[in-house]
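>>> Sharing a model prediction with you, sequence too.
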Amino acid sequence: MAAALLPAAKVSVVQTSAVPETRLTQAANYRRGAWLVVLLGLVALGFVLDIGLGSVRIPLLAVVDILLGNPTDTPAWKFIVQQIRLPKALTALVVGSGLAVSGLQMQTLFRNPLAGPSALGLTAGAGLGVAAVMLASGSVAGSFAIRALGVGGSWALVLAATTGAGLVMSLVLVLSARLRDNVIMLIVGLMVASVTGAIVSLWQYFSAPEQIQEYLMWTFGSLGGVVGSHLMVLSTVVGAGLVLAFASAKPLNVLLLGENYARSMGLVIGRSRTLIILSTSLLAGAITAFCGPIGFVGIAVPHLTRGLLRTADHRVLLPGACLVGAALTLGCDCLAQLPGSQTALPLNVVTSLLGAPVVLWVVLRRQNIRSSFS
Amino acid sequence: MVAPAPLLAAENLAVGYFTSRKTPHAVAENLRLALWPGELVCLLGPNGAGKSTLLRTLAGLQPPVRGQLMLGDAPIQSMSALARARQLSVVLTDRLDAGNLTVQELVSLGRHPHTGWLGGLSAHDEAQVLAALAATNTTRFARRPVGELSDGERQKVLLARALAQDTPLILLDEPTAHLDLPNRVALMRLLHNLARQTGKAILLSTHELDLALQAADRVWLLSATGTLHAGTPEDLVLSGTFAAAFAREGLAFDPATGTFALHAPAGPAVQLLGEGAAAFWTRRALEREGFVPTTSPAPLRVTTPSASGVGFWLCELPGQPAQQHQTIETLLAALRLLPENHPV
């Protein structure tokens, strides 16, 4: 009786199951494709809106005209768009996709739904790296005045921030491998954040009020001020991080099943992990160095992306997270402009207001958060 | 079934763990093992004997403490991770956290060692995935998220993933844990058929002694002292090796029934007359009550309906007329009254 089981099953797959299965797969693929197109549209819309909004009112059509390179009759608009708002919108694109992808990689690598660049102390590590560079160059005064630095300085800044982020990430990884507990990672992240916070407080204590103000502005998170050579450096580093991330899509997929299964399927864990850590540190480090610690994008976007695209496949999730992250950051920056008013809110305020509920929703929707990282 | 060469072979293998960088602690030593194509081998042994350690070592997930472990014709330590992944696949006891992964995506991951750097599936890969789903009867929930599966379904899906990896060797660590009896039987039968029909060698560790004795072509018996006996299950039972391996648990293995005695026999002997199912279950009931059923003459005698010729259970005591009982329940009730009336 048992011997008949196998051939019968094999026949049935050809006759009944294979056809609807491919149809179902196709339906899911169409759905994903449609969402990716919608997201692309949202990013484009957010991009134009972000340039259009601001203290000087510029009509959207004029914005599109200027972006397309058509001649315009208001040179002031052209200057504002090209020199201020376009770099800012491009920064939003880069920051959104970079943070989202680094968060996605961390959640998979740590198998933890609450992992993200800020939750695990990566941004704090990057901040410490930035501060260390400033301290070494003897100008504690201009600790976070990135604008004042030239191209050489910005590379040093990125290197320091990336190293800081990478060190924190490696530390968390070593501890989490030894203790095998998700909560430990979050605690380590908290502790790293406190230590860096304490060091920074010490500096503030010995600093003049205007320097403290400068640091506070940095912690609010800002997309402005990244212009010219800085934008080029930021884009290059984030681009490199994204390329590394896309190259690790296959290892990330296998890591979904845990390290033992991944090794049994021929993955060299050490090499893949180094690649992922490097990518994450580049992304989180560079972005934090230039724009300050921007919260919640890294942790919330991966969950939103999984919810929208209904997949755990990183070959789909990585580009998806890029788009969702870019759209969300552009959206947050639009909101930060407070349409109709002359003031702009700090970006961190907006991302936190939008991101914290998302994280809460994730925790509440999945009763067992341990199984919801993918 | 004569095979030219073993798929996996070990000489003088010692498995264990490294407490620090240099000091190995061997759990089991002097192991001499071989796995041949087309056989289902069950790794049995009491808790703590090192079944999981041995399995993890054979899978290349941890290094051996000593000795040589050959996978095909190459030592496993010198193989690349990818080459090893094409030789053997595993089903582990690790928690599966990726709840959003669909069954088909999970099984497709098994193609990892065969796909390119982006992990795209060729037509051949997809055919292998569908075949693996079909072989494990999981095709109908291919689109469901893994997090929604029952334990039995998940175990079959994990097996499908190992099948999709398309390796001559499959190792499973306690695949029947957390499954109910029908699922355990179904899984063992499936594994047995797979070994026979695909020519794969399948090694699984399990606590299901009954099932293992029935399904396994060979048994590896790892005793608590760290020695390993290999052989057909029947030989191991008849030679007493099986009983000896589990002796430390304080349990008596009955070679006549192939089970462990649940009740310690302490009471008087009862001569049990009769055969077949009725005799088997009467024997079980008597054992539960503390009697020692025997076929040799004893003062107390119970005859099953088939043997009594009257359709009832007969209970005979020396110097008393035989009592008739319609059910085992009334028979036991009568026997319970014995010690007061009749110290045997």
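Thanks, I have the structure now.

>>> How is residue B:219 assigned, secondary-structure-wise?
strand (DSSP: H, G, I helix; E, B strand; the rest coil).

>>> who are the neighbours in contact with it?
Contact partners of residue B:219, counting by C-beta atoms under 8 Å, 6 or more residues apart in numbering or on different chains, are B:41-44, B:212-213, B:230-233, B:236. Yep, even glycine has a C-beta here, placed from its N, CA and C like the rest.

>>> Quickly note the distance from the nearest residue to it once chain neighbours are set aside to residue A:352.
Nearest non-adjacent residue to residue B:219, counting by C-beta to C-beta, 6 or more residues apart in numbering or on different chains: residue B:233, 4.6 Å away. In this view, residue B:233 and residue A:352 are 63 Å apart by C-beta to C-beta, to the nearest Å.

>>> of the two, who's got more company?
residue B:233 (21 against 16; other C-beta atoms under 10 Å in any protein chain shown).

>>> you'd agree the more buried one is up against residue B:211?
No. The pair residue B:233 / residue B:211 is not scored as a contact, 10.6 Å apart, by C-beta atoms under 8 Å.

>>> about what we covered before: ok, now which ones touch the residue nearest to residue B:219?
The contact partners of residue B:233, by C-beta under 8 Å, 6+ apart, come to B:42, B:212-214, B:216, B:218-219, B:242.

>>> Can you add pLDDT and distance to residue B:61 and give these back as JSON lines?
JSON lines is the format used below for the contacts of residue B:233 (pLDDT from 0 to 100; distance: C-beta to C-beta, whole Å):
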{"residue": "B:42", "pLDDT": "94", "distance to residue B:61": "20"}
{"residue": "B:212", "pLDDT": "90", "distance to residue B:61": "23"}
{"residue": "B:213", "pLDDT": "89", "distance to residue B:61": "28"}
{"residue": "B:214", "pLDDT": "89", "distance to residue B:61": "29"}
{"residue": "B:216", "pLDDT": "92", "distance to residue B:61": "23"}
{"residue": "B:218", "pLDDT": "93", "distance to residue B:61": "23"}
{"residue": "B:219", "pLDDT": "93", "distance to residue B:61": "23"}
{"residue": "B:242", "pLDDT": "82", "distance to residue B:61": "28"}
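
>>> Could you list which of these belong to helices?
Per DSSP state H, helices hold the following members of the contacts of residue B:233: B:212-214, B:242.

>>> For these, which ChimeraX command selects only the ones that are buried?
Restricted to buried positions by 16 or more other C-beta atoms under 10 Å in any protein chain shown, the ChimeraX selection for the ones in helices among the contacts of residue B:233 reads:
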select /B:212,213,242
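
>>> and the two most separated of the ones in helices among the contacts of residue B:233?
B:214 and B:242 (13.5 Å; C-beta to C-beta).

>>> out of the contacts of residue B:219, which are buried?
By neighbour count, with 16+ other C-beta under 10 Å, the contacts of residue B:219 hold B:41-44, B:212-213, B:230, B:233, B:236 as buried.

>>> separation between residue A:164 and chain B?
To chain B, residue A:164 is 29 Å away according to C-beta to the nearest C-beta, to the nearest Å.

>>> element containing that residue?
Assigned by DSSP states H and E, residue A:164 belongs to helix A:151-179.

>>> Quick check: residues of the stretch 101-250 of chain A near chain B?
Contacts of the stretch 101-250 of chain A with chain B, taken as C-beta under 8 Å from any C-beta of the partner chain, map to A:111, A:247, A:249-250.

>>> Turn those into JSON lines, including pLDDT, secondary structure and neighbour count.
Rendered in JSON lines, the data for these read as follows (pLDDT from 0 to 100; DSSP: H, G, I helix; E, B strand; the rest coil; neighbours: other C-beta atoms under 10 Å in any protein chain shown):
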{"residue": "A:111", "pLDDT": "82", "secondary structure": "coil", "neighbour count": "22"}
{"residue": "A:247", "pLDDT": "93", "secondary structure": "helix", "neighbour count": "14"}
{"residue": "A:249", "pLDDT": "93", "secondary structure": "helix", "neighbour count": "19"}
{"residue": "A:250", "pLDDT": "92", "secondary structure": "helix", "neighbour count": "21"}
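
>>> Out of those, the closest to chain B would be?
For these, the residue nearest chain B by C-beta to the nearest C-beta is residue A:250; the value is 3.9 Å.

>>> how about the helices in the stretch 101-250 of chain B?
B:103-109, B:123-135, B:151-164, B:181-198, B:209-215, B:233-238, B:241-245 (DSSP state H, counting those that start in this stretch).

>>> Next, count neighbours for residue 56.
In the absence of a named chain, this looks at chain A. Neighbour count of residue A:56, defined by other C-beta under 10 Å: 12.

>>> Correction: the question concerned chain B.
By other C-beta under 10 Å, 20 other residues sit near residue B:56.

>>> any idea which element it lies in?
If you go by DSSP H and E, residue B:56 is part of helix B:51-58.

>>> Which is the succeeding secondary structure element to that helix?
With DSSP H and E, the next secondary element past helix B:51-58 is strand B:66-71.

>>> give me the low-pLDDT residue ranges for the stretch 101-250 of chain A?
Applying pLDDT under 70 to the stretch 101-250 of chain A flags residues A:134-153, A:176-183, A:185, A:207-208, A:210-215, A:218.

>>> how about the strands of it, start to end?
Using DSSP state E, counting those that start in this stretch, no strands are found in the stretch 101-250 of chain A.

>>> And for the stretch 201-344 of chain B?
Here the stretch 201-344 of chain B has its strands, by DSSP E, counting those that start in this stretch, at B:201-205, B:218-222, B:228-231, B:253-254, B:259-260, B:269-273, B:292-294, B:300-303, B:313-316, B:323-325.

>>> looking at those strands, which is closest to residue B:189?
Smallest distance to residue B:189 across the strands of the stretch 201-344 of chain B (C-beta to C-beta): 12.4 Å, for strand B:201-205.

>>> Parallel or antiparallel, list what pairs with that closest one.
Partners of strand B:201-205 in the sheet, by DSSP bridges, are strand B:40-44 (parallel), strand B:169-173 (parallel).

>>> Identify the residues contacting the first one?
The contact list for strand B:40-44 (C-beta under 8 Å, 6+ apart) reads B:35, B:51, B:54-55, B:191-192, B:195-196, B:201-207, B:209, B:212, B:215-222, B:233, B:245.

>>> and what of the last one?
Strand B:169-173 is contacted from outside by B:7-8, B:35, B:51-52, B:55-56, B:58-59, B:71, B:87-93, B:159, B:162-163, B:191, B:194, B:200-205, using C-beta under 8 Å, 6+ apart.
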